[in-house]
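K.L.:
Structure for this input, please:
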Amino acid sequence: MKRTSARLADGREILYYDTDEGAARAFPDTRPLGAPASASEVRRDPLLGDEVVIASHRQGRTYHPPADECPLCPSTGGRASEIPAPDYEVAVFENRFPSLAGDTGRCEVICFTPEHLTSFAELDERRAALVLAAWTDRTAELSAREGVRQVYCFENRGAEIGVTLAHPHGQIYAFPFVTPRTTRMRATVEEHRSRTGGNLFDEVLAGERADGSRIVLAGEHWTAFVPYAARWPYEVHLYPNRRVPDLPALGDEARAEFPRVYLELLRRFDRLFDRPEPTPYISAWHQAPTGGGRADFALHLELFTVRRTADKLKYLAGTESGMEAYMNDVRPEDAAARLREVASR
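P.N.:
Alright, predicted model coming up:
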């Protein structure tokens with residue numbers, strides 16, 4: 001993999017990732033940009049103890065531009081975008097409208113392909129492997145920065161999720177705090193270790209593999225299953241069979257198998273509802289925070305959709321949004337069976 005670093009007109013960093021060592025990506029950004037907007041602050045909820053990011057400057061961010069004005073497509077002779085090069089394989093750059101910046105962290109955009117009218121599921125295995133390499137590189141670099149406590153790589157796909165740019169892309173957040181979900185997860189794992197001496201992640205994975213009813217896809221190095229207490233109608237957790245804390249710790253064999261497994265999961269999601277448009281989803285990497293206490297954490301990816309039937313969405317209404325008490329409309333075992341049913345032939 002070749003990594004090329006450059007600067008955009010307003011000083012933000014852009015990185016190009018290529019499988020071709022001879023790829024030339026040194027193109028100047030000719031736009032007359034002012035300094036990027038950033039007025040984020042982190043506030044702590046005194047009752048829950050959770051951090052909340054206030055980022056009011058993001059109200060003016062780019063919102064559903066037409067395809068010929070997409071800021072994530074390569075630049076052309078007549079139009080300059082966020083990516084100055086006329087072509088790229090995978091590109092990562094600092095968000096122009098970041099939720100986190102400076103002392104409050106960092107937000108990056110990762111573009112999976114220069115093609116506007118496609119999706120991650122339509123990538124080939126070589127490109128998916130390059131995206132994995134980029135996620136890994138960003139996790140390693142951002143984790144080493146002073147003040148960063150957790151790196152979060154994720155993709156929002158579909159207008160139903162709230163996506164404002166249709167081009168296939170994801171985001172990478174470097175948080176200055178450990179996120180609430182990870183904090184709760186670690187506390188449960190630590191309590192289990194203290195009480196039993198075992199690792200809860202390992203036991204959950206072993207239990208799912210032994211039971212089998214919620215297994216969606218099992219490879220030599222990865223296992224995908226619908227969790228026993230799934231919150232979403234169709235939710236899959238993807239674990240490496242050997243526990244590691246984060247993406248940089250993945251072994252070569254797991255890296256080699258990941259593209260095939262992950263692409264198959266995404267393609268099954270797109271076949272769930274027999275609709276012409278792709279299934280909306282969130283795909284989220286859970287990685288160990290920086291600092292101590294990492295050994296017991298298990299890297300895993302959580303993939304879920306807000307669609308519960310072909311013509312109905314799952315909304316987080318009063319119980320979920322008001323009380324964080326989830327109500328799932330689909331039995332996890334039935335969701336797993338459907339995801340097996342739509343496997344590639």
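
K.L.:
what sits against Trp135?
P.N.:
110, 153, 172, 247, 285 (Cβ atoms under 8 Å, 6 or more residues apart in numbering). Placement of C-beta: from N, CA and C, glycine included.

K.L.:
all helices for this structure, in order.
P.N.:
Using DSSP state H, the helices assigned to the chain run over residues 125-143, 180-196, 200-211, 252-270, 323, 332-341.

K.L.:
Other residues contacting the last one?
P.N.:
Where contact means Cβ under 8 Å, 6+ apart, the residues beyond helix 332-341 that reach it are 213-217, 225-230, 233-236, 268-269, 272.

K.L.:
can you give me the end-to-end distance of stretch 44-52?
P.N.:
End-to-end distance for stretch 44-52, by Cα to Cα, to the nearest Å: 6 Å.

K.L.:
Can you give the distance from that stretch to the centre of its chain?
P.N.:
Mean-position distance between stretch 44-52 and its chain equals 24 Å (Cα atoms, centre = their mean, to the nearest Å).

K.L.:
quick one: buried residues of it?
P.N.:
Glu51 (16 or more other Cβ atoms under 10 Å).

K.L.:
do stretch 192-206 as well
P.N.:
Neighbour-count burial for stretch 192-206 [16+ other Cβ under 10 Å]: 192, 199-201, 204-205.

K.L.:
Could you export it as CSV, CA atoms only?
P.N.:
Extracted in CSV, the C-alpha atoms of stretch 192-206 (Å, rounded to 0.1, in the frame of the first residue of the first chain):
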residue,chain,number,x,y,z
HIS,A,192,-17.4,-10.7,34.6
ARG,A,193,-13.6,-11.1,34.7
SER,A,194,-13.6,-10.3,38.4
ARG,A,195,-16.5,-12.7,39.2
THR,A,196,-15.6,-15.6,36.9
GLY,A,197,-12.0,-15.2,35.8
GLY,A,198,-13.1,-15.5,32.1
ASN,A,199,-13.4,-13.2,29.2
LEU,A,200,-17.0,-12.3,28.4
PHE,A,201,-16.4,-11.5,24.7
ASP,A,202,-14.8,-14.9,24.2
GLU,A,203,-17.7,-16.7,26.0
VAL,A,204,-20.3,-14.8,24.0
LEU,A,205,-18.6,-15.7,20.7
ALA,A,206,-18.1,-19.4,21.8
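
K.L.:
if we can go back for a sec, sitting in strands, which of the contacts of helix 332-341 do you find?
P.N.:
Using DSSP state E, the members of the contacts of helix 332-341 that fall within strands are 215-217, 225, 234-236.

K.L.:
Would you point out which residue is most central in the chain?
P.N.:
Nearest to the geometric centre of the chain sits Phe154, at 1.3 Å (Cα atoms, centre = their mean).

K.L.:
Settle this for me: it is touching His169, isn't it.
P.N.:
No - counting by Cβ atoms under 8 Å, Phe154 stays clear of His169, with 10.8 Å between them.

K.L.:
Just the pLDDT for the closest residue in space to Ala121 that isn't next to it in sequence.
P.N.:
The shortest distance from Ala121 to any non-neighbouring residue, by Cβ to Cβ, 6 or more residues apart in numbering, is to Leu266 (3.8 Å). In this prediction, Leu266 carries a pLDDT score of 98.

K.L.:
dump the residue contacts of Leu266.
P.N.:
119-121, 281, 283, 303.

K.L.:
One more pass at 10 Å, please.
P.N.:
119-123, 128, 155, 157, 278-279, 281, 283, 303 (Cβ atoms under 10 Å, 6 or more residues apart in numbering).

K.L.:
that older thread, correct me if wrong: the residue nearest to the centre of the chain contacts Tyr173.
P.N.:
Yes - shown here, Phe154 and Tyr173 form a contact pair, counting by Cβ atoms under 10 Å, at 7.7 Å.
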